[in-house]
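>>> The following comprises the amino acid sequence and a computationally predicted model.
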Amino acid sequence: METFGKQRLFLLLVLLPFFLIVFGFLLGPLASMLKNSFYADDGETLSFIQYLTVIKSNFYLKSILNSVIISLVSALIGIIIAVICSYSITRFSEKVQDRLLTVCNVFSNFEGVPLGFSAIILLGNSGLFILFFEMLGLEAFAQFDLYTWGGMILVYVFFQTPISILLLYPTYYGMREEWRESALLLGASNASYWKHIGIPILLPSIVGILSILFGNAMGAYATAYAMVGSTYNLMSLQISALIAGDVVLKPELGSAMGVYLAVITILAMMINEKMMRKVRRDLE
Amino acid sequence: MNKEKSIWIHKLIIVALMIYLFTPILGTFIYSIAKEWSYSVLPDSYTFQWYGELLQDPAFYSALGRTLFIVIGTVTLSVFIMVPTVFIVVTFFPKWERLLQGLSLLRYGIPPVVAAIGLIQMYASGIIPIYGTFWILFGAYFVLILPFMYQGIRNSIRTVNATDLMESAELLGASKVRSFISIIFPNIISGIIVSTVLSVAFLFGEFVFANLLVGGQFETIQILIYNKLETNGHSVSAIIILYYFILLLISGFIIKIGMRSNKKAAS
């Protein structure tokens, strides 16, 4: 018994650095942000003023709305591309499938500042494509403006696409070809196979991935920052301006915005967890 | 007949997808070897001058050095802390696994831009005022790669049946520490390499913390790219292409190792 206690103490001691880091760099900072969000601008008076300021200010409310719209639209387009492309990928031999997934894997790293830069040189005011369209006389395309909704969504879709394919592919892969064959043998048509078996299995997966993509875009910062600095009114850009910008810092307001954003992204992730549990059960 | 016809559609879809994915990087590559490029679709002439300049630029090497220092430092720290931690939790405190899972999930749920808020508040002053220095990145990055490291280490420990191995080693008279170092660790090392390489690739691309927590003074590769955006586009393209080339090599490496350990697990 004595040695067991000693051993336990030793084991706990080995665990100590891990917990110190987790408290110091994950839980502690989150608690600090939460606490700070309940203070007025003076940092001393307890109040809900920051949360109210955000929802009463047209400017900050607009940033939330902008982020939600851009995230929702880019997530929806991303998942549509994934629904089509992941299925096509499963139609090839294992070897080709592996290669295609590797490509997606590599491109899932193509985001942030490098992606923002590529977007500027390809689609910016004197970008490669813009000049190309001008030369072809396609005025409608040549007038494309990267720094508008359409441009931002296009860039966001680009980094959502490879991730969504990588996430959706396993579900398609898990749907055995034999299921379809059995269904067809039992007299089902191709359409009714998808209606009664395919789609019910895919749907939770799609909803889950959609929520992941949504949360991913809500929290995205580097791509937009590289393209437009802090001038575009997005939630993540406003937060960074409030906590580490060059003008006036408002850490308490930044904290409240951070809590709003964290609540949204955590909810998105919880939806995904719930859906994925269902998918895993269905595929077993 | 039906299948013949439909495979064409799938080929078409995949080709379209590949064109879509490769276009930006291809455009960036052309830009990086363009000499003069104005008002025409393709450059007037080509040059490797930008790469040459880059490879002679001390700022590029210092940025690369800084990035490697932080990334390798963090990943090493993480291996030394996470391997014993995950091992102890899986073997001796299995109930705590939910806690580790919860922490990984929490990290996924909190975007870095939000995590930065609290980190700034905690380390701007107080007993450890490391905000604005590169030291803060070690801790912040440790948490960023926590999910990869946890998953990878846990899976390899499960695959080799570490609990049984430990019991046998102890039955044969080895101490816990000794059996861990000489039996468990060598068996899980290849699984751990995959997660470390994955973490290295991931941290190489990290910009948010480097920008918000340390700022311009400590120029990592990503910060260098950002700082150069406004000055010379060709040179930035060259950095980006080199950077993705390195990333490609790393990904290739992961896949090779991954395949080998898959085969091992299957046999």
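Yep, it's here. The structure displayed is predicted, hence computed values, not measured ones.

>>> pLDDT weak spots in chain B?
Counting by pLDDT under 70, chain B shows low-confidence ranges at B:1-5, B:36-44, B:258-267.

>>> Can you give me every residue that contacts A:L213?
The neighbours of A:L213, taking CB atoms under 8 Å, 6 or more residues apart in numbering or on different chains as the test, are A:71, A:74-75, A:78-79, A:160, A:163-164. In this view, the C-beta of every residue, glycine as well, is placed from N, C-alpha and C.

>>> And it, how far from chain B?
As for A:L213, its distance to chain B is 13 Å (criterion: CB to the nearest CB, to the nearest Å).

>>> who are the neighbours of the helix or strand containing A:L65, in terms of helices and strands?
Using DSSP states H and E, the secondary-structure element containing A:L65 is helix A:58-90. Secondary structure elements in contact with helix A:58-90, counted by 3 or more CB pairs under 8 Å, 6 or more residues apart in numbering or on different chains; DSSP states H and E, are helix A:49-56, helix A:94-107, helix A:149-174, helix A:199-219, helix A:235-244, helix A:251-283, helix B:2-32.

>>> All the helices of chain B, in order from the start?
B:2-32, B:49-55, B:58-92, B:97-109, B:112-123, B:135-144, B:146-159, B:162-171, B:176-179, B:185-204, B:208-209, B:221-228, B:233-266 (DSSP state H).

>>> for the ones you listed, which one ends up most surrounded?
Ranked by mean neighbour count, the helices of chain B are led by helix B:112-123 with a mean of 26 (mean count of other CB atoms under 10 Å in any protein chain shown).

>>> Let me know the angle separating it from helix A:235-244.
Using axes from the mean of the first three to the mean of the last three CA atoms, to 10 degrees, the interaxial angle of helix B:112-123 with respect to helix A:235-244 works out to 10 degrees.

>>> Check whether helix B:112-123 comes near chain A.
Yes - legend: contact between helix B:112-123 and chain A by CB under 8 Å from any CB of the partner chain is shown at B:112-122.

>>> residues in contact with that helix?
A:24-26, A:28-33, A:36, A:219, A:221, A:236, A:239-240, A:243-244, A:251, A:254-255, A:258, A:261-262, A:265, B:129-131, B:136, B:140, B:143-144, B:206, B:208-209, B:212-213.

>>> swap in stretch B:225-238?
With contacts defined as CB under 8 Å, 6+ apart, stretch B:225-238 is touched by A:113-114, A:117, A:120-121, A:226, B:28-29, B:31-32, B:34, B:50-51, B:53-54, B:207, B:211, B:216, B:219, B:239-240, B:243.

>>> distance between the ends of that stretch?
The first residue of stretch B:225-238 is 10 Å away from its last residue (CA to CA, to the nearest Å).

>>> What is the neighbour count of A:W194?
Taking other CB atoms under 10 Å in any protein chain shown as the neighbour definition, A:W194 ends up with a count of 16.

>>> Let me see the contact set for A:T90.
Under the criterion of CB under 8 Å, 6+ apart, the contact list for A:T90 reads A:97, A:169, A:172-173.

>>> Tell me the buried residues within those.
With neighbours counted by 16 or more other CB atoms under 10 Å in any protein chain shown, these contain buried members at A:169, A:172.

>>> Distance to chain B and pLDDT for the contacts of A:T90 - can I get that in a markdown table?
Compiled in a markdown table, the contacts of A:T90 are given as follows (distance: CB to the nearest CB, whole Å; pLDDT from 0 to 100):
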| residue | distance to chain B | pLDDT |
| --- | --- | --- |
| A:Q97 | 10 | 90 |
| A:Y169 | 12 | 92 |
| A:Y172 | 12 | 89 |
| A:Y173 | 15 | 86 |
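
>>> Double-check A:A142 against A:F133; I have them as touching.
Yes - when contacts are counted by CB atoms under 8 Å, A:A142 is listed as touching A:F133 (4.1 Å).

>>> The two - which one has more neighbours?
With other CB under 10 Å as the criterion, A:A142 and A:F133 differ in neighbour count, and A:F133 comes out ahead with 18 against 15.

>>> Can you give me every residue that contacts the residue nearest the centre of chain A?
Note on chain A: the residue nearest the mean C-alpha position is A:N216, at 1.3 Å, using CA atoms, centre = their mean. Residues in contact with A:N216, defined by CB under 8 Å, 6+ apart, are A:71, A:75, A:160, A:163.

>>> Mind doing that once more with 10 Å?
A:71, A:74-75, A:78, A:111, A:156, A:159-160, A:163-164, A:265, A:268-269, B:108, B:111 (CB atoms under 10 Å, 6 or more residues apart in numbering or on different chains).

>>> now swap in A:F38 and tell me
By CB under 10 Å, 6+ apart, the contact set of A:F38 is A:45-51, A:252, A:255-256, A:259.

>>> Have a look at the residues you listed and tell me the least confident one.
Between these, the one the model trusts least by pLDDT is A:T45, at 87.

>>> Can you name the residue of the stretch 151-267 of chain B nearest to chain A?
Each residue of the stretch 151-267 of chain B has a distance to chain A, by CB to the nearest CB, and the smallest belongs to B:F207, at 4.2 Å.

>>> what's around that residue, how many residues?
24.

>>> and if you look at the one 3 residues further on?
Taking other CB under 10 Å as the neighbour definition, B:A210 ends up with a count of 26.

>>> The nearest residue to it once chain neighbours are set aside and B:L68: what is the separation?
In space, not counting the residues next to it along the chain, B:A210 is nearest to B:T220; the distance is 4.9 Å by CB to CB, 6 or more residues apart in numbering or on different chains. Relative to B:L68, B:T220 is positioned 10 Å away (criterion: CB to CB, to the nearest Å).

>>> cool, B:M82 as well?
For B:M82, the distance to B:L68 (CB to CB) stands at 20 Å.

>>> tell me which residues of stretch A:185-198 are tucked away?
In stretch A:185-198, the ones that count as buried by 16+ other CB under 10 Å are A:188, A:193-194, A:197-198.

>>> and B:S175, what does it touch?
B:169, B:181.

>>> Which residue ranges make up each domain of chain B?
Structural domains annotated on chain B: B:1-46, B:48-266, as defined by the TED database.

>>> So for A:S211, which of those domains sits nearest?
For the domains of chain B, distance to A:S211 was read as CB to CB. The smallest value, 11.1 Å, belongs to domain B:48-266.

>>> Pretty sure A:M227 sits against A:F117.
Yes - counting by CB atoms under 10 Å, A:M227 does reach A:F117; the two are 8.4 Å apart.

>>> what touches both of these two?
By the contact definition CB under 10 Å, 6+ apart, A:M227 and A:F117 are jointly contacted by A:124, B:229.
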